[in-house]
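K.L.:
no letters, just coordinates:
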Ligand code: HEC
């Protein structure tokens with residue numbers, strides 16, 4: 001027989017569990033965004049504005065925070081891994097590891113809000 005106190009304990013345990021899960025994934029997301037920021041700073045910032053403000057050092061390079069206005073930035077994942085070739089000679093070809101591409105996209109998404 002289930003007494004009401006054990007039901008309450010179960011409910012509390014379930015809540016704690018759910019909270020731990022969401023806190024855990026938020027922290028993982030933050031780490032990914034941070035890593036993406038470092039990748040952007042190291043590889044892209046000499047041409048693109050990679051922060052929330054400021055203009056691109058290279059005028060033709062779109063600021064990263066504007067990319068999400070053109071298309072869902074998640075769509076870039078494949079291009080980042082297979083090598084972005086914009087067809088513009090000023091942009092060097094990049095190939096990232098899939099987890100690096102994930103991180104970079106997480107960072108771009110973080111710029112969108
Ligand atoms: C040497 C300068 C340079 C560097 C470094 C550079 N880019 Fe670019 N990138 C450009 C230029 C210039 C364009 C604009 C091309 C155009 O649309 O005319 C561009 C365009 C883009 C676009 C838009 C493509 C489109 O069709 O909408 C993306 C996405 C992009 N770059 C991502 C990156 C990423 C990610 C990095 C770092 C890994 C990076 N770029 C590094 C110069 C650069």
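P.N.:
Ah, there it is. As the structure is a computational prediction, the values presented were derived from the model and not from experiment. Residues are numbered from 1 along each chain as shown.

K.L.:
OK, contacts around residue 40?
P.N.:
48, 50, 64, 104, 107 (Cβ atoms under 8 Å, 6 or more residues apart in numbering). To be clear about C-beta, it is placed using only N, CA and C from the backbone, and glycine gets the same treatment.

K.L.:
ok, now how distant is the closest residue to the first one other than its chain neighbours from residue 34?
P.N.:
So that's residue 48. In space, and not counting its chain neighbours, residue 48 is closest to residue 61: 4.5 Å by Cβ to Cβ, 6 or more residues apart in numbering. As judged by Cβ to Cβ, to the nearest Å, residue 61 and residue 34 stand 23 Å apart.

K.L.:
one more: residue 68?
P.N.:
For residue 68 relative to residue 34 (Cβ to Cβ), the value is 19 Å.

K.L.:
residue 16 too?
P.N.:
Taken as Cβ to Cβ, the span from residue 16 to residue 34 is 27 Å.

K.L.:
who's more crowded, those two?
P.N.:
residue 34 (14 against 10; other Cβ atoms under 10 Å).

K.L.:
show me what contacts the residue lying closest to residue 64 once chain neighbours are set aside?
P.N.:
Nearest residue to residue 64, sequence neighbours excluded (Cβ to Cβ, 6+ apart): residue 50, at 4.9 Å. Residues near residue 50 by Cβ under 8 Å, 6+ apart: 37, 40, 41, 44, 63, 64.

K.L.:
so where do the helices sit in this structure?
P.N.:
4-43, 64-70, 76-82, 98-111 (DSSP state H).
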